[in-house]
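Peer 1: Please find the sequence and the predicted model below.
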Amino acid sequence: MYSPKITRRQALSGMAATGVFSQYGPARAAKPYDPPGALLDAAKKDGQLILYTAAFPEVMQDVISEFNKRFPFIRVNMVRASGGQLITRVQSEAASGKLEADVLDHSDRGQTKAIEDLFADYAPPNAGDYMESALVSPKLWPTITPAWSIAWNPEIVKDPPRSWAALCDPKYTGQIGQVIGPSGGTTWTRVMFERQVLGEDYWARQAAVKPKLFPSGAPLSDAVVRGEIGIAPLIFNIVYPKKQAGAPIDAVYPSDGVPISPYGSGMMKAAKHKAAAQLWLDWCLSDEGQIQSIRDQGNLTALKTPPIAPVGFDPARDRLWTPDFKQFQSLHDAWLEDWNKVYGYRQ
Amino acid sequence: MVDTGAASLTASEKAGLDKAGSDRIGVTRAWVPWAWSGFLIAMLAFLVLYPTSMLLIGALTTTNPVVEGYSLADISIGNFLAVVMNPNVAAALGNALIACAGGTAVAVAIGLAFAWVVVRTNTPCKGLIASAGMLPLFVPPLVAGVAWSILGSPKTGLLNLLLNKAGIPFRFDLYSMPGIIFVFGIYYAPYVYMFTAAALRNMDPALEEAAEISGASATRTMATVTFPLIMPAILSGMLLSFVVMLGIYGIPAVLGAPANISVLTTYIFALTAWSPPRYNTAAAVAVILMIVTGVLVYLQQKIVSGRSYTTVAGKAFRPRPLNLGKWRFLTLGLAILYLFVVVVLPTIALFIAAFRKFLFIKDIPALFEAKQYGWQHFIKMFDNPLTIASIINSIKVGIITAIVGGLLSFAIGYTITRTRAPGRRMIDVITTIPVAIPGLVIGVAYLWAWIGLPGGLYGTLWILALAFVARFIPDTVKALSTSLLQIHRELEEAAWICGRGTLSTIASIVLPLARPGVVAAMTLLFILSMRELGSSLFLYSSGTMVMAVQLLGYYEGGNIGITAAFSLVQMVLLGVLISFTNWLSRPGRGSGAIKPDIAPTGVVRSG
């Protein structure tokens, strides 16, 4: 079994900061979102906005429908691509002066931070309500905050694991599926959490139960529903809509920590529909937008205190974990190389 | 590739053609052929050479050439060295070669048998068998992979549930190398069929008759006379199916991923999907794939141009169908079995997935629980405005592609096959290049190449159509060239003698006679553009979502029900189109469509 060798510098940096554990504040009443009249008028004049997103199209279509219930005069045109393809497209379009996007939604804050200069200065009216650990740039905001859970198919798994530690239990050998480490920012967050919080040897212990590797969470969630895979760490927002629809899938937030991966979304400097883009972002980041994200999508929120209780989340017990952003960037390549070796993933 | 038909002409016909073409050019202004060739080369440079050069630059640098620019100082073979020395690339290449070689062997066995049954025997319902046997060509590979994963997953596959119910311990495992080989083989057998059926149809039966008169049994005649005579066609079909399989993403992606089997295309896709993406490395891997494909295409050309028409004689003949007696029902049964496996089973799987709420099927009785079925996936799919938008956009872009591509292909095909215009060999070679470029990578090359164009092309359906025209130009030119070569030169000569000019002759003689081929080529372009994913991924915009991208979105979203529902919609649309063109091609309508005897000219490929 491969055991990752870390350099002295990596070890020291790992000890210096290993992400932030936090818990939500006491419950509070949700604040209504009332955009200023001038913004509303300007947005009406824009009439549309172009949204580039790495989120799944079905999920974003639901968000757009909710937004349009409040603001039916804005047509939201969506371009969806996987994370890497989206960044390549944005960079190429921007370099040619043909960037079409007004808003970019992206799950990997590291990648959006790298193209920070393409974003306009923007902050939502409730900027102060957001956790500092979720913010990596004054231009980038967590419109969506997915959280990791452990999912299983209750038709075939009767004694599911409820913690990350339990995923190393040999009794689950051959039943677990995993998303590959290099899949994207959300998975990289989980990979960091496993090594920094659960121990240097966690990957090796977990790899010993021979998980099946999947390129991304969506096909893995489908494999769980079909019964191909019994158990899988999955982002809760992939599980929740399926569960709501009656699919044989269930999930819990792990008792030993809930890694969250706040999005890095923002308004593009070259936006042609700036008012509509601002209205969209303001609404998404408002209590109203976050309630929709929590209630309908199964996300958590990066607000210090959620405006409604997230489904299945116990604020008294469950602890959120956010990676240290410097390490999120600096450890990326070396640690993923280690992960690939430990899990025998070919890269 | 277009030498295919030229080689079919006898030496005297060739000489006549050359002389007539030469004479024709003689009466034309000297600069016109040069200007015409220059125009075509310029078009091809824009559509093919420029994007290909961007791909090579990407492979030789470590930057995005649009964002960071490039200079000679940046050029290095670092990516290639990294790729060549990476054992995972070697493993992916090895897996790809095994999967494609195995798939080709299966395809040859099925395709050859199928061709023999349809062309050379008196098996009943041959026409129906021949038409239905072509259907797999129009199923997107991703859909084929999904359908067979529903059928043959080792844990939850419907076939395994049936075996379990029957108390049979054997289990199918399509998530394996044999699984990939099997699905490759059955889906690409029509390629071998197309080539070998055409060769069998054109073969003079005199040698077979001689063998039979000499006392050879039917089997021996087949083994020692028939198959050796059509060996060039068999080799040609083999190489083509191998090349096409090498560029397919959908099937190995769905069936190989659960078993951790990586092939070159899935490796390239992973490189582009990782965070951050590695396009330069992907471009380097793609160049390796291009080299392998290029060598194979070259071999195919050599074989086709060297030997494939030795069976075509100058006298008229009609191959005599072999009377199989009672055995004809066995061949009919085998053909039906093949169609059941290739067409009916996957379609049933897609129907179940599309109409069932969730694809968790505990046992066979659970499969028939009526309450589990409904229209929910279709309702959700059509609730999404992008679904309808993508269908409309795909039809629009398909029409543009068919018209623009049809015109350009006709111009190129005519120039290559019926003129002695300068540079026509170069035009032929450039036209062939896109065959060798994997679709998953060419998309980013088009983006890099065309995003900087002045004007409002980027973000429109036209840029997608141009990419599709460029990507499928080898297919359509080949289709048209063969059609053009079937028109005897003397018809044009007669028009010239009557004082018609070149354009007038084309309009009044060549085009009407080549109309079946033109319609077939345009239909093929339409179908291919409806399926094409690789070049759409980077070129679609907020207003130009197309079906292939939408299908991938549903698949990547993990909703197999909607994926299956959308696949069925796509298949129905293509079915309607093919039926329409077949209706157009019925006797008395004076046109043509995709028919088994025309189809050898087309190469249905896309990841």
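Peer 2: Noted; the coordinates are in hand.

Peer 1: Could you use CA atoms for every contact and neighbour count after this?
Peer 2: Fine.

Peer 1: For residue 265, grab the count of nearby residues.
Peer 2: The chain I'm using is chain A. Neighbours of A:Ser265 under the rule other Cα atoms under 10 Å in any protein chain shown: 25.

Peer 1: Switch to chain B, please.
Peer 2: Around B:Thr265 there are 29 other residues, counting by other Cα under 10 Å.

Peer 1: who's in contact with B:Pro474?
Peer 2: Neighbour list for B:Pro474: B:Met1, B:Thr431, B:Thr432, B:Ile433, B:Pro434, B:Val435 [criterion: Cα atoms under 8 Å, 6 or more residues apart in numbering or on different chains].

Peer 1: From the residues you listed, pick the one nearest A:Ala94.
Peer 2: B:Pro434 (27.9 Å; Cα to Cα).

Peer 1: Please name the nearest non-neighbouring residue to the closest one.
Peer 2: B:Arg471 (5.6 Å; Cα to Cα, 6 or more residues apart in numbering or on different chains).

Peer 1: thought that neighbour was touching B:Ile433?
Peer 2: No. Between B:Arg471 and B:Ile433 there is no contact under Cα atoms under 8 Å: 9.1 Å.

Peer 1: of those two, who's got more company?
Peer 2: Per other Cα under 10 Å, whichever of B:Arg471 and B:Ile433 has more neighbours is B:Arg471, with 31 against 20.

Peer 1: Would you mind listing what in the stretch 1-150 of chain A touches chain B?
Peer 2: A:50, A:56-58, A:61, A:77-85, A:88-89, A:91-93, A:95-96, A:98, A:111 (Cα under 8 Å from any Cα of the partner chain).

Peer 1: so B:Ala479 touches B:Met522, yeah?
Peer 2: No. Contact criterion Cα under 8 Å: B:Ala479 and B:Met522 do not qualify, at 9.7 Å.

Peer 1: In PDB, list the C-alpha atoms belonging to stretch B:284-292.
Peer 2: C-alpha atoms of stretch B:284-292 as PDB (Å, rounded to 0.1, in the frame of the first residue of the first chain):
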ATOM      1  CA  ALA B 284      -0.500  15.800 -27.200                       C
ATOM      2  CA  VAL B 285      -2.400  12.600 -26.600                       C
ATOM      3  CA  ALA B 286      -4.800  13.500 -29.400                       C
ATOM      4  CA  VAL B 287      -1.800  13.900 -31.800                       C
ATOM      5  CA  ILE B 288      -0.700  10.400 -30.900                       C
ATOM      6  CA  LEU B 289      -4.200   9.200 -31.700                       C
ATOM      7  CA  MET B 290      -4.100  11.100 -35.000                       C
ATOM      8  CA  ILE B 291      -0.800   9.400 -35.900                       C
ATOM      9  CA  VAL B 292      -2.200   6.000 -35.200                       C
END
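
Peer 1: Is any residue of it near chain A?
Peer 2: No. Stretch B:284-292 stays clear of chain A (Cα under 8 Å from any Cα), getting no nearer than 12.7 Å.

Peer 1: Go through that stretch and flag the buried ones.
Peer 2: By 16 or more other Cα atoms under 10 Å in any protein chain shown, the buried positions in stretch B:284-292 come out as B:Ala284, B:Val285, B:Ala286, B:Val287, B:Ile288, B:Leu289, B:Met290.

Peer 1: Could you do stretch B:138-155 as well?
Peer 2: B:138-154.

Peer 1: Out of these, which sit inside helices?
Peer 2: B:Pro141, B:Leu142, B:Val143, B:Ala144, B:Gly145, B:Val146, B:Ala147, B:Trp148, B:Ser149, B:Ile150, B:Leu151, B:Gly152 (DSSP state H).

Peer 1: what sits against the fifth one?
Peer 2: Under the criterion of Cα under 8 Å, 6+ apart, the neighbours of B:Gly145 are B:Val183, B:Gly250, B:Ile251, B:Pro252, B:Ala253, B:Val254, B:Leu255.

Peer 1: Pull the most distant pair out of those.
Peer 2: Spatial extent of the contacts of B:Gly145 (Cα to Cα) is set by the pair B:Val183 and B:Ala253 at 12.3 Å.

Peer 1: TSV for the ones in helices among the buried residues of stretch B:138-155, including pLDDT?
Peer 2: Compiled in TSV, these are given as follows (pLDDT from 0 to 100):
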residue	pLDDT
B:Pro141	85
B:Leu142	83
B:Val143	84
B:Ala144	89
B:Gly145	91
B:Val146	88
B:Ala147	92
B:Trp148	94
B:Ser149	91
B:Ile150	91
B:Leu151	94
B:Gly152	93
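
Peer 1: Redo those residues as TSV? Include distance to B:Leu457.
Peer 2: Shown next, in TSV, are these (distance: Cα to Cα, whole Å):
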residue	distance to B:Leu457
B:Pro141	30
B:Leu142	29
B:Val143	31
B:Ala144	34
B:Gly145	34
B:Val146	35
B:Ala147	37
B:Trp148	39
B:Ser149	40
B:Ile150	41
B:Leu151	43
B:Gly152	44
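
Peer 1: returning to that earlier point: helix or strand for the residue nearest to B:Pro434, which one?
Peer 2: helix B:461-485 (DSSP states H and E).

Peer 1: Just the mean pLDDT for that helix, thanks.
Peer 2: The pLDDT scores in helix B:461-485 average 84.

Peer 1: Centre of the chain to it, how far?
Peer 2: Relative to its parent chain, helix B:461-485 has a centroid offset of 12 Å by Cα atoms, centre = their mean, to the nearest Å.

Peer 1: Show me what secondary structure element comes after that helix.
Peer 2: Next element after helix B:461-485 (DSSP H and E): helix B:489-497.

Peer 1: Using neighbour counts, pick out the buried residues of that next one.
Peer 2: Of the residues in helix B:489-497, those buried (16+ other Cα under 10 Å) are B:Arg489, B:Glu492, B:Glu493, B:Ala495.

Peer 1: Which elements pack onto that helix?
Peer 2: Helices and strands touching helix B:489-497, by 3 or more Cα pairs under 8 Å, 6 or more residues apart in numbering or on different chains; DSSP states H and E, are helix B:11-27, helix B:502-505.

Peer 1: distance between the shortest one and the chain's centre?
Peer 2: Spelled out, it's helix B:502-505. 32 Å.

Peer 1: if we look at that helix, which residues are touching it?
Peer 2: Contacts for helix B:502-505 (Cα under 8 Å, 6+ apart): B:Glu492, B:Ala495, B:Trp496.

Peer 1: If we use 10 Å, what do you get?
Peer 2: For helix B:502-505, the external contacting residues (Cα atoms under 10 Å, 6 or more residues apart in numbering or on different chains) are B:24-25, B:28, B:491-496, B:498-499, B:508-511.

Peer 1: To be precise, which single item in the contacts of B:Gly145 has the lowest pLDDT?
Peer 2: Where pLDDT dips furthest among those: B:Gly250, at 85.

Peer 1: thought it was touching B:Val263?
Peer 2: No. B:Gly250 lies out of contact with B:Val263 (Cα atoms under 10 Å); the separation is 11.2 Å.

Peer 1: can you list the weak-confidence ranges in the stretch 501-607 of chain B?
Peer 2: Counting by pLDDT under 70, the stretch 501-607 of chain B shows low-confidence ranges at B:582, B:584-607.

Peer 1: residue in it nearest to chain A?
Peer 2: Here the stretch 501-607 of chain B gets closest to chain A at one residue, B:Gly558, 4.1 Å apart by Cα to the nearest Cα.

Peer 1: Flag every residue of the stretch 301-450 of chain B that's near chain A.
Peer 2: Within the stretch 301-450 of chain B, the positions near chain A by Cα under 10 Å from any Cα of the partner chain are B:357-362, B:380-381, B:383-386, B:444, B:447-448, B:450.

Peer 1: ok, so of the residues you listed, who is nearest chain A?
Peer 2: The closest of these, once distances to chain A are taken by Cα to the nearest Cα, is B:Phe360, at 4.2 Å.
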